[in-house]
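> for reference, the sequence and a predicted model appear below.
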Amino acid sequence: MSIDKTAIRDAATVIVLRDRDTAPRVLMGQRGAKAAFMPNKFVFPGGAVDAADAEVPLTRPLTPLCRARLEDDAPSGVADALAVAAIRELWEETGLILGTPGDWPAPPGDWHGFAATGHRPDASGLQFVFRAITPPGRTRRFDARFFLADAEALASDPDDFSAASDELSHLQWIRLDALRSIDMPFITEVVLAEVAARAHDERPPASVPFFRNDDEESLFLRLYGRPMQD
């Protein structure tokens, strides 16, 4: 039996939800036709964790429950790097800010634009809701953690994408009941079903779904969280 040698990289994705109590919508954009991974598909903002993400300070941390679940079946200490990557990718791909006001005199290279807005990264509005590993045989593989964030947690105008990079086009807020007409990856459909089921409930889920696709088998697991230390 052949073994897939494609390296699996940690990654973070952000599902921003607005109008939760009326007509829930999520923010999505379209990947380019020449993208190496999921070309032309509509996706959430997100991407791989960079080595420098582990060194970026958060003004407000993840909740203890969120941290415990992120570190369930994962290396200890990975939670903050994932949260930082989520905030960074949201900023780079949409220009939206999850942050608190404050001066940041010496940000790392990827964070100069974010710091110039007068904010520092804030993870308190992120809720860990899904995890999935890309199946074998793909050109790129990620161990992706999906975070849900309410648009009210943004420190910027949710309709202002002027600072976005060109990695995602057609950025738009799409109603959950209109998503069937959108071309998206299968895993995105699965995650959206989970989000739709919880759209009107702000409490953390009872557990976090985990699609673990390794080289030998595919498993559907639930993450409840490592025991939290006092």
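Great, that's in hand.
> next one: the longest helix belonging to the chain to chain centre, how far?
For the chain, the helix reaching the highest residue count under DSSP state H is reported as helix 78-94. For helix 78-94, the distance between its averaged C-alpha position and the chain's averaged C-alpha position is 7 Å (Cα atoms, centre = their mean, to the nearest Å).
> and that helix, what does it pack onto?
Using 3 or more Cβ pairs under 8 Å, 6 or more residues apart in numbering; DSSP states H and E as the contact criterion, the secondary-structure elements in contact with helix 78-94 are strand 8-18, strand 25-31, strand 46-48, helix 64-70, helix 112-116, strand 119-121, strand 141-150, strand 168-175. (Glycine included, C-beta is placed from N, CA and C.)
> quick one: closest of those to residue 58.
strand 119-121 (5.5 Å; Cβ to Cβ).
> next SSE downstream of that closest one?
Using DSSP states H and E, the helix or strand that directly follows strand 119-121 along the chain is strand 127-133.
> alpha carbons only: can I get that next one in PDB?
Provided in PDB are the C-alpha atoms of strand 127-133 (Å, rounded to 0.1, in the frame of the first residue of the first chain):
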ATOM      1  CA  GLN A 127     -15.000  29.900  18.900                       C
ATOM      2  CA  PHE A 128     -13.500  26.600  17.700                       C
ATOM      3  CA  VAL A 129     -16.200  24.700  15.900                       C
ATOM      4  CA  PHE A 130     -14.700  22.100  13.500                       C
ATOM      5  CA  ARG A 131     -11.500  20.400  12.600                       C
ATOM      6  CA  ALA A 132     -10.600  18.400   9.400                       C
ATOM      7  CA  ILE A 133      -7.500  17.000   7.800                       C
END
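> what residues does that strand touch?
Defining contact as Cβ atoms under 8 Å, 6 or more residues apart in numbering, one finds that strand 127-133 is touched by 8, 15, 62-63, 66, 69-70, 141-149, 187, 190-191, 194-195, 198, 204-205, 208-214, 223.
> who does it pair up with?
The strands beside strand 127-133 in its sheet (DSSP bridges) come out as strand 141-150 (antiparallel), strand 208-213 (parallel).
> let me see the mean pLDDT of that strand.
Predicted confidence along strand 127-133 averages 96 (mean pLDDT).
> could you figure out how far that strand is turned away from helix 78-94?
Using axes from the mean of the first three to the mean of the last three Cα atoms, to 10 degrees, the direction of strand 127-133 lies 90 degrees away from that of helix 78-94.
> CA atoms only for stretch 65-85, dumped as PDB, please.
Output of stretch 65-85 as PDB, limited to C-alpha atoms (Å, rounded to 0.1, in the frame of the first residue of the first chain):
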ATOM      1  CA  LEU A  65     -12.700  25.700  26.700                       C
ATOM      2  CA  CYS A  66     -11.700  26.700  23.200                       C
ATOM      3  CA  ARG A  67      -8.000  26.200  24.100                       C
ATOM      4  CA  ALA A  68      -8.600  22.800  25.700                       C
ATOM      5  CA  ARG A  69     -10.400  21.500  22.600                       C
ATOM      6  CA  LEU A  70      -7.800  22.900  20.200                       C
ATOM      7  CA  GLU A  71      -5.100  21.000  22.100                       C
ATOM      8  CA  ASP A  72      -7.100  17.700  22.300                       C
ATOM      9  CA  ASP A  73      -5.300  15.200  20.000                       C
ATOM     10  CA  ALA A  74      -2.800  18.000  19.100                       C
ATOM     11  CA  PRO A  75       0.500  19.300  20.400                       C
ATOM     12  CA  SER A  76       0.400  21.300  23.600                       C
ATOM     13  CA  GLY A  77       0.800  25.000  22.900                       C
ATOM     14  CA  VAL A  78      -0.600  25.000  19.400                       C
ATOM     15  CA  ALA A  79      -3.800  26.900  20.300                       C
ATOM     16  CA  ASP A  80      -2.400  30.500  20.300                       C
ATOM     17  CA  ALA A  81      -0.600  30.000  17.000                       C
ATOM     18  CA  LEU A  82      -3.800  28.800  15.400                       C
ATOM     19  CA  ALA A  83      -5.700  31.800  16.800                       C
ATOM     20  CA  VAL A  84      -3.100  34.200  15.500                       C
ATOM     21  CA  ALA A  85      -3.100  32.600  12.100                       C
END
